[in-house]
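*Asks:* here's my sequence, what's the structure:
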Amino acid sequence: MWIKRDIKSELLYLASQYPVVMILGPRQAGKTSLAQRTFPEKPYFSLENPDVREQIIADPRAFFLANPDGAIIDEFQRYPDILSYMQGIVDDKKQKGQFILTGSNNISMLSHVTQSLAGRVALLKLLPFTIGEITSVVKEYHTDDYLLNGFYPGIYSEGLNPVKAYRNYYETYVERDIRQLLQVKDLIYFQRFVKLCAGRVGQLFNASSLATEVGVSSMTIHAWLATLQVTFIVFMVQPWSANISKRMVKTPKLYFYDVGLASNLLGIENITHVSTHPLRGALFENMVILELLKKRFNAGLDSNLYFYRDNHGNEVDILQESGYQLNLFEIKSGQTFTSHFLKGLDYLRKLIPDRIESSNLVYAGEQEMTINGHKIMNYKSLSALENYG
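*Replies:* Here you go, the predicted structure:
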């Protein structure tokens, strides 16, 4: 089953403007399927395949001569030197959309791209499904179903059991990539670190505290965190900064690129576990933030998401920058609206009234309304938003 991806139109647009388009994202997020479905006429080569990789390494010039109109090259970070040869090809050919590259290691790829293909390549980031993509072809799930199943395509297109699928995903891809990047000697410490990160989803990141619990140095924690970020396992939301208060929190918050993986790492195995878990609210917050992030990435844009918190307890979950203006999003996992949900939004609107473009409460309830200028919406409505980001 193929589920049409929202990012496809942006991929086609960039391919009409640049000779090379690079699709970044987590493993198994659908990068290969997207590229092949969008450009079915292009030959496909996976550098994960050792035979293909060795053949290209042996004679890269012959490879390009055999594919004069370009190709899809999957997981190209397995042989990044191929970009040096590609540079001359695209400069000579001057053909738009010639090569489509995919990869799942952010830093190692980007460093080679900036050296070899600067100005010739467009970058896209593809994350797992959005809620809108899922509900366009399959039944509409309840909130806890999303938190358990996550959004990886295989869960839906192949009907995989999410508990087993995420276990296999973690052991097959996450730990393998980590071994390649960090050469971790004692995997037990790293596994403990990842699970503790899941236990801190939506919280301020404290490297010293984690180092104590894991039993390694703070320097090691920062190195491991950086690796989880470049391999699209976790991301950080930075605090919004402005000269309005010296008491603002300056520590970022930690989230996972897929809420299903976070749930699995927390030991959640069924719907009952989700509904009773003390971190259900944090997982819901993670899911909603991902919807906003995916909307940006699917439009070919970088994240513009921040959070607000000061030392007096005033906070708003997400501030989305739109030029000088800000779109505010407070996120609540409850199904029943109460006016208390608007406390942080009211505070920030009074503090910086000239900068607030919109004020939104996103929750799990069905009733949508506008109260005192605040838009109250169900989280599934985020897919239909057109004026944010």
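
*Asks:* quick one: average pLDDT of the helix ranked longest in the chain?
*Replies:* The residue-count maximum for a helix in the chain (DSSP state H) belongs to helix 280-298. Across helix 280-298, the average pLDDT comes to 97.

*Asks:* put the alpha carbons of it into PDB.
*Replies:* Coordinates of the C-alpha atoms in helix 280-298 are reproduced here as PDB (Å, rounded to 0.1, in the frame of the first residue of the first chain):
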ATOM      1  CA  ARG A 280       1.200  10.200  28.300                       C
ATOM      2  CA  GLY A 281       0.900  14.000  28.300                       C
ATOM      3  CA  ALA A 282       4.600  14.400  27.300                       C
ATOM      4  CA  LEU A 283       4.200  11.800  24.500                       C
ATOM      5  CA  PHE A 284       1.100  13.700  23.300                       C
ATOM      6  CA  GLU A 285       3.000  17.000  23.300                       C
ATOM      7  CA  ASN A 286       5.800  15.300  21.400                       C
ATOM      8  CA  MET A 287       3.300  14.100  18.700                       C
ATOM      9  CA  VAL A 288       1.800  17.500  18.300                       C
ATOM     10  CA  ILE A 289       5.200  19.200  18.000                       C
ATOM     11  CA  LEU A 290       6.100  16.700  15.300                       C
ATOM     12  CA  GLU A 291       3.000  17.600  13.300                       C
ATOM     13  CA  LEU A 292       4.200  21.200  13.300                       C
ATOM     14  CA  LEU A 293       7.800  20.200  12.500                       C
ATOM     15  CA  LYS A 294       6.700  17.900   9.600                       C
ATOM     16  CA  LYS A 295       4.600  20.700   8.100                       C
ATOM     17  CA  ARG A 296       7.800  22.800   7.900                       C
ATOM     18  CA  PHE A 297      10.000  20.000   6.500                       C
ATOM     19  CA  ASN A 298       7.300  19.000   4.000                       C
END
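
*Asks:* counting contacts, what elements does it pack onto?
*Replies:* helix 143-149, strand 253-256, helix 259-265, strand 305-309, strand 315-322, strand 325-331 (3 or more Cβ pairs under 8 Å, 6 or more residues apart in numbering; DSSP states H and E). Just so you know, the C-beta spots here come from the backbone N, C-alpha and C atoms, and that holds for glycine as well.

*Asks:* angle of it against strand 325-331?
*Replies:* 150 degrees (axes from the mean of the first three to the mean of the last three Cα atoms, to 10 degrees).

*Asks:* just give me how far stretch 74-91 sits from the chain centre.
*Replies:* Taking Cα atoms, centre = their mean, to the nearest Å, one finds stretch 74-91 lying 25 Å from the centre of the chain it belongs to.

*Asks:* list the buried ones in that stretch?
*Replies:* By neighbour count, and taking 16 or more other Cβ atoms under 10 Å as the criterion, the buried residues in stretch 74-91 are 74-80, 82-83, 86-87, 89-90.

*Asks:* any chance of the residues you listed in TSV, plus secondary structure, pLDDT and distance to residue 127?
*Replies:* What follows is those, written out as TSV (DSSP: H, G, I helix; E, B strand; the rest coil; pLDDT from 0 to 100; distance: Cβ to Cβ, whole Å):
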residue	secondary structure	pLDDT	distance to residue 127
74	strand	95	18
75	coil	90	17
76	helix	88	19
77	helix	84	18
78	helix	87	22
79	coil	89	25
80	coil	86	23
82	helix	88	25
83	helix	87	24
86	helix	90	26
87	helix	86	29
89	helix	87	30
90	helix	88	27
